[in-house]
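# Got a predicted structure plus its sequence, pasted below:
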Amino acid sequence: MHKQNQLPDNVKIGKFIDPLTDYGFKLLFGSEPNKDLLISFLNVLFKNRKEIIDLTYNKNERNGPQRDYRKAVYDLTCTGKDGEQFIIEVQRLHQPYFKDRALYYTSLLIHDQAPKGKEWDYSLKEVYFSAIMDFSFEDTHPKKYFHRIHLTDEESGEIFYDKMALIFLEIPKFNKREKSLKTDLDRWLFVLKNMSRLEKIPLILRKQIFEKVFNIAEVSNLTKEDYMNYERDLMAYWDDYAIKKSLEHDRRIAMEKGMEKGMEKGMEKGMEKGMEKGMEKAKTESVKNLLKTGKFSISEISNYISVSEAFVRKVKKNLT
């Protein structure tokens, strides 16, 4: 467990991007030229149950069933050649109702299949939700990281309805080392969890599909604009992470004391402290990352990170 306000390793920029950031995931899997990567990954998830030959990318936003419902914004949605639909989500921080969210998103795609103003026999296309989680459920086995969920008969365990499935990957529970990678699922999970920490592509991943992944993900291949977009993602993650950790810390102290007022005060204090320290550390780390590239002037970094030039010079001095 990270100490309070300690900077997570995956917020620092290494040789390869972190595929679990919003920018990193969409760079690798969210564009037409890289469609083969997403097809390969999904086929691993559906091995021996479904083969995906082609995909069409869809818009990533849908309205709820009523006007005042909140909009659902997905990371990626795609349609297969037979009309089957796929939602692919990346969730970095713990969300208490993530299973509910998965069902809500899936139900929206099912609801959208009903033709408006026409007779309909209720025949549905397949809908699949796949979640890549950088946290773990609290109610699953500590060693089980891959969950494929169907509607099944409670007594027999047989699949009752096969046109809908939910897949959850709990990345923190996957702890296999390079020498233990046996299947393509192992290899994909290893890449998702560890790529941002690696300095080169491991020999076990010397396959065409993974070599393409690492080539796209190499930070030195990013344009200035892409680098800044990636940096922005990391800053946002660190802000959320720091606030969450501070809140958890102060909530735990307040609960141990058994004081309601203490808990309220702790949460308020945690939010304020988390935001302040989180922003400070995120900005410092972001300035370091931009300085290390050698591509940006002090003025450019100052404007982009929204700090003074004196702040940038101070970080640069400490860096050297």
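Great, that's in hand. Residues are numbered from 1 along each chain as shown.
# need the strands for the chain, in chain order.
With DSSP state E, the ranges of strands along the chain come out as 55-57, 61-62, 72-73, 76-80, 85-91, 127-133, 146-152, 159-170.
# would TSV of the ones you listed with mean neighbour count be doable?
Where C-beta positions appear, they are placed from N, C-alpha and C, glycine not excepted. Conversion of the strands of the chain to TSV gives the following (neighbours: other CB atoms under 10 Å):
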stretch	mean neighbour count
strand 55-57	16
strand 61-62	14
strand 72-73	14
strand 76-80	20
strand 85-91	21
strand 127-133	23
strand 146-152	13
strand 159-170	17
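# Quick one: closest of these to Q208.
Nearest to Q208, of all the strands of the chain, is strand 55-57, at 18.8 Å by CB to CB.
# related to what we said a few turns ago, of the strands of the chain, which approaches T284 most closely?
Nearest of those to T284, taken as CB to CB: strand 85-91 at 25.7 Å.
# in its sheet, what does the closest one sit against?
strand 76-80 (antiparallel), strand 127-133 (parallel) (DSSP bridges).
# you'd agree L20 is up against D134?
Yes - counting by CB atoms under 8 Å, L20 touches D134, with 5.3 Å between them.
# Which residues are in contact with each of these two?
V90, R92, I171 (CB atoms under 8 Å, 6 or more residues apart in numbering).
# Distance-wise, check the residue most central in space within the chain relative to N43.
Centroid-nearest residue in the chain, with CA atoms, centre = their mean: V90, separated by 2.9 Å. V90 sits 19 Å away from N43, going by CB to CB, to the nearest Å.
# what does Y161 give?
Distance, Y161 to N43, by CB to CB: 22 Å.
# Kindly report the same for M279.
41 Å.
# Run through the residues that contact the residue lying closest to E211 once chain neighbours are set aside.
Spatial nearest neighbour of E211, chain neighbours left out: I201 (6.5 Å); criterion: CB to CB, 6 or more residues apart in numbering. Neighbouring residues of I201 by CB under 8 Å, 6+ apart: F210, E211, F214.
# one more time with 10 Å, if that's ok
By CB atoms under 10 Å, 6 or more residues apart in numbering, the contact list for I201 reads F16, V191, M195, K207, F210, E211, V213, F214, N215, A217, E218.
# Narrow those to those in helices?
Under the assignment DSSP state H, these contribute V191, F210, E211, V213, F214, N215, A217 to helices.
# if I read this right, K288 contacts F311, doesn't it?
No - when contacts are counted by CB atoms under 10 Å, K288 is not listed as touching F311 (11.7 Å).
# thinking again about what came up before, out of the shared contacts of L20 and D134, who's nearest E231?
When the shared contacts of L20 and D134 are compared for distance to E231 (CB to CB), R92 comes out closest, at 15.8 Å.
# From K182, how far off is the spatially closest residue to that closest one that is not a sequence neighbour?
Among residues not flanking R92 along the chain, D134 sits closest, at 4.7 Å (CB to CB, 6+ apart). For D134, the distance to K182 equals 23 Å [CB to CB].
# what do you get for S136?
Relative to K182, S136 is positioned 22 Å away (CB to CB).
# ditto for L203
14 Å.
# Among the two, which residue is more densely surrounded?
A direct count of neighbours by other CB atoms under 10 Å for L203 and K182 places K182 higher, at 10 against 7.
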